[in-house]
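[1] Sequence unavailable; structure follows:
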Ligand SMILES: Cc1cc2nc3c(=O)[nH]c(=O)nc-3n(C[C@H](O)[C@H](O)[C@H](O)COP(=O)(O)O)c2cc1C
């Protein structure tokens, strides 16, 4: 039950603060802070960089008299020691494919403990998912906001193009549109999708449980096998707990009574947690509580471990890290905190395969770490829920916030002061609010007529639907690259995007046209393995110059596979 606060007078600054001037579209990221654009090539520093990067070999720090240098060559090390030198520190081989939890890689049939999270409206597109799957990464199709027929087409395309490699599809909880959840699950079952990325859940729903149970069977060794894997995405411990425990009995009973699952599946459901993996979502693009990863991840790791012990050790749920991962150092830090796998999002939106317009990708490529802001979300506008969006190059966050403040302050659009309404109609909606309402009626009559019925006697609800029209359209304008609406683009984005841009400044990846999604992933993981080795040497007391211990992407690691 949602309670509304009583209307307040409009603060004068709300109206005057309505952003009106279209921002200049930044053309280049030249103003970003940058790392070195190429690694050191010469001397001891260049050698140290190369030795750290030879991930399949060990890396030693040696002292020869007064000289300190690195080596990856065992014979060289033996010579130095025989001549009275010392090994000061050593780091073992660390291929990028060895990072994270091997059980994650084995369960999902991927080479890397790396997942590209869903991006709504199909921004995490079929080509993106297929490219990552072929290269050995787990990727999730951005099914939220996509009509069922298009989800079906996208899944068919991924199955066709992924060369048999596993992939995931997003199931976003839609409290007011249960039919959409059902349609997504139907499509996943039809196309044999083996992993579901479940997000925005507060409680498990029948559709989520239906998918999980439909994949349960007893293995030959007596253990329960879950052929439908669930990766839950959460930012709170209370919600995490729902995924760490078996599916709720009441839902299982209902599904059994409705003949949707078998008695065997219902019985097996008691023996396994609802999820196999849990992504701890910290300060990310889109929906986020903006918790620091260093706070959230240890909390969820501890919770998962406590529940594992309570429930018996058989089915440990792996905990991964999401949010803020845009550089190899950040990815290495997540693994150092104990993440079983890492999840990226923002950085993938500016890649070639993302279904996002060229103009928005250019904006994203010029984004710095402080160029994001929180703005009201379209799906939970009335509740005051916010999403993290781009603020550089678009007026969307300010305009959306103004709409929310007006919503809080007035009884309905007819109660808006005339000048405020005129301003909104001229600058933000660019049409009369009556026209917008007619659009809403047309849209919801097809999709969810109940919304219109509920709004008819309730002017505030009607105002919410009208304002949500703008919030809903603004993502579409960005994806389509609507030139006339550049000032209104809503682009979900977290600070990881800016961190990535600073890291790649001056390299071939600075140009968004060169960012292949699997290549970006391979660099992040290769760089993370490099940083992990540098950290091991540092922990043993070795002092290496920063330029030797910062991984720089110099050339593609993976092309279009
Ligand atoms: C444009 C965009 C759209 C997103 N849409 C969804 C979504 O529909 N469902 C979901 O579970 N997560 C969504 N996310 C979150 C990502 O899957 C991922 O968890 C998150 O972006 C990771 O944090 P980062 O942005 O700091 O990399 C979205 C993120 C972005 C940037």
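    That came in fine, so what should we check first? Since this is a predicted model, take the numbers as computed values, not measurements.
[2] Now do the contacts for the closest residue to residue 505 other than its chain neighbours.
    Closest residue to residue 505 apart from its sequence neighbours, by CB to CB, 6 or more residues apart in numbering: residue 34 at 3.6 Å. To be clear about C-beta, it is placed using only N, CA and C from the backbone, and glycine gets the same treatment. Residues in contact with residue 34 (CB atoms under 8 Å, 6 or more residues apart in numbering) are 502, 505-506.
[3] for residue 34, phi and psi?
    According to degrees, to the nearest 10, the main-chain angles of residue 34 amount to phi -130, psi 150.
[4] can you check residue 374 too?
    Dihedral angles (degrees, to the nearest 10) for residue 374: phi -90, psi 140.
[5] Now stretch 419-426: average pLDDT?
    Across stretch 419-426, pLDDT averages out at 97.
[6] starting at the chain centroid, how far to that stretch?
    Stretch 419-426 sits 36 Å away from the centroid of its parent chain (CA atoms, centre = their mean, to the nearest Å).
[7] Equivalent analysis for stretch 353-371, please.
    For stretch 353-371, the separation from the chain centroid amounts to 15 Å (computed by CA atoms, centre = their mean).
[8] near the ligand at all, stretch 106-120?
    Yes - counting by CB under 6 Å from any ligand atom, the ligand has neighbours in stretch 106-120: 117-120.
[9] Name the nearest of these relative to residue 190.
    residue 118 (18.6 Å; CB to CB).
[10] give me the number of residues near the closest one?
    Residue 118 has 26 neighbours, counted by other CB atoms under 10 Å.
[11] With residue 534 instead?
    Residue 534 is flanked by 24 other residues according to other CB under 10 Å.
[12] if we can go back for a sec, any of the contacts of residue 34 buried? List them.
    Taking 16 or more other CB atoms under 10 Å as the criterion, what is buried in those is 502, 505-506.
[13] Next step: those residues restricted to helices.
    residue 502 (DSSP state H).
[14] Pipe the buried ones among the contacts of residue 34 into CSV and attach pLDDT per row.
    Formatted as CSV, those follow (pLDDT from 0 to 100):
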residue, pLDDT
502, 96
505, 96
506, 95
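[15] Need the contacts of residue 34 in TSV (columns: distance to the ligand).
    Putting the contacts of residue 34 into TSV (distance: CB to the nearest ligand atom, whole Å) gives the following:
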residue	distance to the ligand
502	15
505	18
506	22
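[16] any idea of the pLDDT on whatever residue of the stretch 301-450 of the chain ends up closest to the ligand?
    Relative to the ligand, the nearest point of the stretch 301-450 of the chain is residue 345 (1.8 Å; CB to the nearest ligand atom). The model reports residue 345 with a pLDDT of 98.
[17] Over to the one 10 residues further on?
    Predicted confidence (pLDDT) at residue 355: the value is 98.
[18] The nearest residue to it once chain neighbours are set aside: how many residues sit nearby?
    For residue 355, ignoring the flanking residues on the chain, the nearest one in space by CB to CB, 6+ apart is residue 125 at 3.9 Å. By other CB under 10 Å, the residues close to residue 125 number 24.
[19] was I right about residue 125 contacting residue 349?
    No - at 10.5 Å, residue 125 does not count as touching residue 349 under the criterion of CB atoms under 8 Å.
[20] hang on, the earlier thing: mind checking how far the residue nearest to residue 505 is from residue 50?
    Using CB to CB, to the nearest Å, residue 34 is found at 22 Å from residue 50.
[21] can you check residue 355 too?
    Taken as CB to CB, the span from residue 355 to residue 50 is 38 Å.
[22] how many neighbours does residue 367 have?
    Residue 367 is flanked by 29 other residues according to other CB under 10 Å.
[23] ah, wrong one, I meant residue 355
    18.
[24] measure it to residue 513 for me?
    Per CB to CB, residue 355 is found 16 Å from residue 513.
[25] where exactly do the strands run in the stretch 1-150 of the chain?
    Ranges of strands within the stretch 1-150 of the chain are 59-64, 67-71, 86-91, 114-116, 138-141, based on DSSP state E, counting those that start in this stretch.
[26] Quickly compare those strands and say which is most buried.
    Among the strands of the stretch 1-150 of the chain, strand 138-141 has the highest mean neighbour count (mean count of other CB atoms under 10 Å), at a mean of 32.
[27] That one packs against which elements?
    Packed against strand 138-141 by the contact rule (3 or more CB pairs under 8 Å, 6 or more residues apart in numbering; DSSP states H and E) you find strand 114-116, helix 126-134, helix 148-161, strand 168-172, strand 195-199.
[28] Is it possible to get a markdown table of these that adds distance to residue 42 and mean pLDDT?
    A markdown table is the format used below for the helices and strands packed on strand 138-141 (distance: least, CB to CB, whole Å; pLDDT from 0 to 100):
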| stretch | distance to residue 42 | mean pLDDT |
| --- | --- | --- |
| strand 114-116 | 33 | 98 |
| helix 126-134 | 36 | 98 |
| helix 148-161 | 44 | 97 |
| strand 168-172 | 45 | 97 |
| strand 195-199 | 46 | 98 |
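[29] winner for burial among these?
    strand 114-116 (a mean of 30).
[30] That one: partners in the sheet, and parallel or antiparallel?
    strand 138-141 (parallel), strand 342-344 (parallel) (DSSP bridges).
[31] Make JSON lines from the strands of the stretch 1-150 of the chain and add distance to residue 263 to it.
    Shown next, in JSON lines, are those (distance: least, CB to CB, whole Å):
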{"stretch": "strand 59-64", "distance to residue 263": "57"}
{"stretch": "strand 67-71", "distance to residue 263": "62"}
{"stretch": "strand 86-91", "distance to residue 263": "53"}
{"stretch": "strand 114-116", "distance to residue 263": "34"}
{"stretch": "strand 138-141", "distance to residue 263": "32"}
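[32] check contacts around the residue of the stretch 101-250 of the chain found nearest the ligand.
    Nearest to the ligand in the stretch 101-250 of the chain, going by CB to the nearest ligand atom, is residue 117, at a distance of 2.2 Å. Residues counted as contacts of residue 117 (CB under 8 Å, 6+ apart) are 124, 140, 170, 197, 233, 279, 322, 343-345.
[33] so can I have TSV of the residues you listed showing distance to residue 101?
    Formatted as TSV, the contacts of residue 117 follow (distance: CB to CB, whole Å):
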residue	distance to residue 101
124	23
140	18
170	22
197	17
233	17
279	13
322	15
343	13
344	17
345	20
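[34] For the stretch 101-250 of the chain, which residues are neighbours of the ligand?
    Going by CB under 6 Å from any ligand atom, the residues of the stretch 101-250 of the chain near the ligand are 117-120, 123, 142, 144, 170, 172, 197, 199, 233.
[35] what does the chain give?
    By CB under 6 Å from any ligand atom, the residues of the chain that approach the ligand are 117-120, 123, 142, 144, 170, 172, 197, 199, 233, 281, 284-286, 322-325, 343-346, 349, 492-494, 496.
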